[in-house]
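Participant: quick one: sequence plus predicted model below, questions after.
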Amino acid sequence: MVKKMGLNWRQWSLHKHNHLLVKVAVSLLLMGLAFRLLFVHSTVPEAPFVEKPVIASPPVILNPPVSEEIQVTRDPIPEKEKCDLFTGDWIPNPSGPVYTNESCQLIESHQNCMKNGRPDSAYLYWRWSPRDCRLPQFDAYRFLDLMRNKTWALIGDSISRNHIQSLLCILSKVEQPNHVYHDEGYKNRRWVFPSYNFSISVFWSPYLVQAAIFEDMNGVSTSEVQLHLDQLDKKWVDQFQNLNYMIISTGKWFLKDTIYYENNTVVGCHSCSNQNITKLGFDYAYRKTLSFIFNFIVASKHKGMIFFRTATPDHFESGEWDTGGVCPQTAPVKEGELEFKDSQSILRNIELEEFAEAEKKAQENGVNLKLLDLAKISLTRPDGHPGPYRFFHPLADGQSAASVQNDCLHWCLPGPIDSWNDVIMEMMVNS
């Protein structure tokens with residue numbers, strides 16, 4: 001009996017012990033769940049910060065982007081990696097031009113489109129952008145610093161005069177130049193920036209070779225041009241070795257009625273009235289002239305930098321300058337929407353062919369000759385010309401644009417021609 005009672009006691013005791021263990025286990029389980037719930041609840045607000053180290057620690061960039069200011073002074077790019085500065089697009093430039101007709105007093109009246117009453121202004125808010133690289137905006141301070149004790153010249157026709165006004169207007173934001181020389185007709189001029197001892201000149205030499213021209217300021221001729229294909233124009237040649245930098249250009253004038261001379265003897269003509277003179281065509285004269293000029297340059301041992309600028313196109317529509325032609329466009333066009341006119345294509349092909357041959361010889365002789373192919377850049381800006389606004393408020397009396405002589409060759413200032421200086425600056429810095 002006693003044994004049976006002892007067994008029952010032990011069984012009850014064991015059962016009670018097991019029951020106690022179960023309670024403890026359940027209690028621990030409940031406490032664990034409660035702690036878990038409490039932990040999860042307390043960490044929910046911290047969840048967004050779990051990703052914070054990832055956001056705050058981006059991947060290390062070994063070659064960070066270079067700012068526009070630094071890019072102007074970057075080291076020269078290896079030749080094979082250099083960007084084609086002349087293939088690109090005109091992109092919006094909300095900041096607009098760096099000067100106006102009010103801030104620059106050096107703009108000639110025929111290119112002062114704003115003063116002359118041009119009503120639209122969208123043409124001012126574009127800049128040239130090559131497709132394969134960034135083109136910094138012209139840095140007037142750096143340009144003048146590089147040009148200390150140097151001489152520049154733009155040599156060519158009235159487009160060179162148009163261009164030098166653009167360059168002077170930009171540089172005048174740093175210092176006003178002193179006008180130190182002009183000829184009687186103000187076609188040949190020189191300015192000096194005194195703080196930099198930098199001089200810049202324009203030489204009016206539309207053919208680059210010797211020419212007798214018989215026309216008035218409006219381009220009306222009384223006789224054919226007499227062009228000597230084997231005599232360089234002394235106006236620029238006599239100063240050639242004194243110039244550190246120069247931009248040489250020609251082109252459009254070769255389309256005029258002209259009689260050609262070699263060895264002071266008539267050898268032919270273009271569009272002349274004398275039926276006894278051989279009709280050679282402007283292409284003959286242009287190739288002969290460029291070959292002669294390039295031969296002079298490559299043999300000159302000149303130690304500066306010489307740019308040859310391609311002839312820029314006009315954008316006359318429905319006629320030419322003397323037959324009612326106009327240029328009514330108010331925005332740039334895309335590449336391929338306009339083609340060079342036939343005469344322009346002929347001039348351009350001759351330029352590129354003759355330059356390619358001269359460039360090889362120049363490299364062999366140590367002459368720094370560069371192609372400034374601004375024709376491609378300019379083709380897509382039919383909106384950048386004065387049109388009828390080469391005159392002061394030409395339509396004030398209700399006249400139509402077609403009834404007024406339009407200028408669809410030169411460029412408004414400010415205007416697209418200002419971007420030419422961006423390209424020149426980049427070519428200089430990378431040389």
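Facilitator: It's in. Numbering: from 1, shown residues only.
Participant: and the strands in this protein?
Facilitator: 88-92, 126-130, 151-156, 178-182, 189-193, 198-204, 209-212, 225-232, 245-249, 258-262, 265-270, 305-309, 368-372 (DSSP state E).
Participant: of all the ones you listed, which one is nearest T323?
Facilitator: Ranking these by proximity to T323 (CB to CB) places strand 265-270 first, at 18.8 Å. Placement of C-beta: from N, CA and C, glycine included.
Participant: give me the angle between the closest one and strand 258-262.
Facilitator: Taking axes from the mean of the first three to the mean of the last three CA atoms, to 10 degrees, one finds that strand 265-270 is oriented at 150 degrees with respect to strand 258-262.
Participant: point out where the stretch 1-150 of the chain drops to low pLDDT.
Facilitator: Along the stretch 1-150 of the chain, the parts satisfying pLDDT under 70 run over 1-81.
Participant: using CSV, write out every CA atom in stretch 275-294.
Facilitator: Taking C-alpha atoms only, stretch 275-294 is exported to CSV below (Å, rounded to 0.1, in the frame of the first residue of the first chain):
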residue,chain,number,x,y,z
GLN,A,275,34.0,88.1,-127.0
ASN,A,276,37.7,88.0,-128.1
ILE,A,277,38.8,86.9,-124.6
THR,A,278,38.9,83.2,-123.7
LYS,A,279,36.2,82.3,-121.2
LEU,A,280,38.0,80.4,-118.4
GLY,A,281,35.5,80.5,-115.6
PHE,A,282,35.9,81.5,-112.0
ASP,A,283,37.0,78.0,-111.0
TYR,A,284,40.1,78.3,-113.0
ALA,A,285,41.0,81.6,-111.3
TYR,A,286,40.1,80.4,-107.9
ARG,A,287,42.3,77.3,-108.1
LYS,A,288,45.2,79.2,-109.6
THR,A,289,45.0,81.9,-106.9
LEU,A,290,44.7,79.5,-103.9
SER,A,291,47.6,77.4,-105.2
PHE,A,292,49.7,80.5,-105.6
ILE,A,293,48.8,81.8,-102.1
PHE,A,294,49.4,78.4,-100.4
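Participant: coming back round to it: can you list the strands of the chain in JSON lines and add distance to Q137 and mean neighbour count?
Facilitator: Formatted as JSON lines, those follow (distance: least, CB to CB, whole Å; neighbours: other CB atoms under 10 Å):
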{"stretch": "strand 88-92", "distance to Q137": "12", "mean neighbour count": "16"}
{"stretch": "strand 126-130", "distance to Q137": "7", "mean neighbour count": "19"}
{"stretch": "strand 151-156", "distance to Q137": "19", "mean neighbour count": "24"}
{"stretch": "strand 178-182", "distance to Q137": "26", "mean neighbour count": "12"}
{"stretch": "strand 189-193", "distance to Q137": "20", "mean neighbour count": "19"}
{"stretch": "strand 198-204", "distance to Q137": "20", "mean neighbour count": "23"}
{"stretch": "strand 209-212", "distance to Q137": "36", "mean neighbour count": "18"}
{"stretch": "strand 225-232", "distance to Q137": "36", "mean neighbour count": "19"}
{"stretch": "strand 245-249", "distance to Q137": "19", "mean neighbour count": "22"}
{"stretch": "strand 258-262", "distance to Q137": "40", "mean neighbour count": "21"}
{"stretch": "strand 265-270", "distance to Q137": "41", "mean neighbour count": "18"}
{"stretch": "strand 305-309", "distance to Q137": "19", "mean neighbour count": "22"}
{"stretch": "strand 368-372", "distance to Q137": "18", "mean neighbour count": "18"}
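Participant: and E320, which of the ones you listed is closest to it?
Facilitator: Proximity to E320, assessed across the strands of the chain by CB to CB, is greatest for strand 265-270 (16.2 Å).
Participant: state the mean pLDDT of that closest one.
Facilitator: For strand 265-270, the mean pLDDT works out to 96.
Participant: can you list contacts of it?
Facilitator: 224, 229, 254-261, 277-282, 284-285 (CB atoms under 8 Å, 6 or more residues apart in numbering).
Participant: just checking, L413 touches I164?
Facilitator: No. Look at L413 against I164 with CB atoms under 8 Å: they stay out of range, at 10.7 Å.
Participant: show me which of those two is the more surrounded one.
Facilitator: The neighbour count for L413 versus I164, taken as other CB atoms under 10 Å, is higher for L413 (29 against 20).
Participant: any figure for the gap between that one and V192?
Facilitator: In this view, L413 and V192 are 21 Å apart by CB to CB, to the nearest Å.
Participant: swap in R287?
Facilitator: Taking CB to CB as the measure, R287 falls 37 Å from V192.
Participant: as a check, name the ranges of all helices in the stretch 301-431 of the chain.
Facilitator: Residue ranges of the helices in the stretch 301-431 of the chain, as given by DSSP state H, counting those that start in this stretch, are 342-365, 374-379, 418-429.
Participant: reformat the ones you listed as JSON lines; add distance to D314, mean pLDDT and mean neighbour count.
Facilitator: As requested, those are exported to JSON lines (distance: least, CB to CB, whole Å; pLDDT from 0 to 100; neighbours: other CB atoms under 10 Å):
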{"stretch": "helix 342-365", "distance to D314": "8", "mean pLDDT": "97", "mean neighbour count": "16"}
{"stretch": "helix 374-379", "distance to D314": "10", "mean pLDDT": "96", "mean neighbour count": "22"}
{"stretch": "helix 418-429", "distance to D314": "16", "mean pLDDT": "96", "mean neighbour count": "21"}
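Participant: mind putting these into TSV with distance to K235?
Facilitator: Formatted as TSV, the helices of the stretch 301-431 of the chain follow (distance: least, CB to CB, whole Å):
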stretch	distance to K235
helix 342-365	22
helix 374-379	23
helix 418-429	22
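Participant: for Q176, find the nearest of the ones you listed.
Facilitator: Checking the helices of the stretch 301-431 of the chain against Q176 by CB to CB gives helix 418-429 as the closest, at 17.8 Å.
Participant: what angle do that closest one and strand 88-92 make?
Facilitator: Using the same axes, to 10 degrees: helix 418-429 against strand 88-92 is 120 degrees.
Participant: which residues are contacting helix 418-429?
Facilitator: Helix 418-429 has contacts (CB under 8 Å, 6+ apart) with 72-74, 85-86, 97-98, 127-128, 135-139, 142-143, 146, 163, 166-167, 170, 245, 247, 305, 307, 370, 372, 374, 377.
Participant: kindly recompute the last result at 6 Å.
Facilitator: By CB atoms under 6 Å, 6 or more residues apart in numbering, the residues outside helix 418-429 that reach it are V72, L85, R127, W128, L135, Q137, F138, S166, L167, L374.
Participant: one more: stretch 293-305?
Facilitator: Contacts of stretch 293-305 with the rest of the structure, by CB under 6 Å, 6+ apart, involve L208, N244, Y245, E354, A358, K361, A362, N365, V367, N368.
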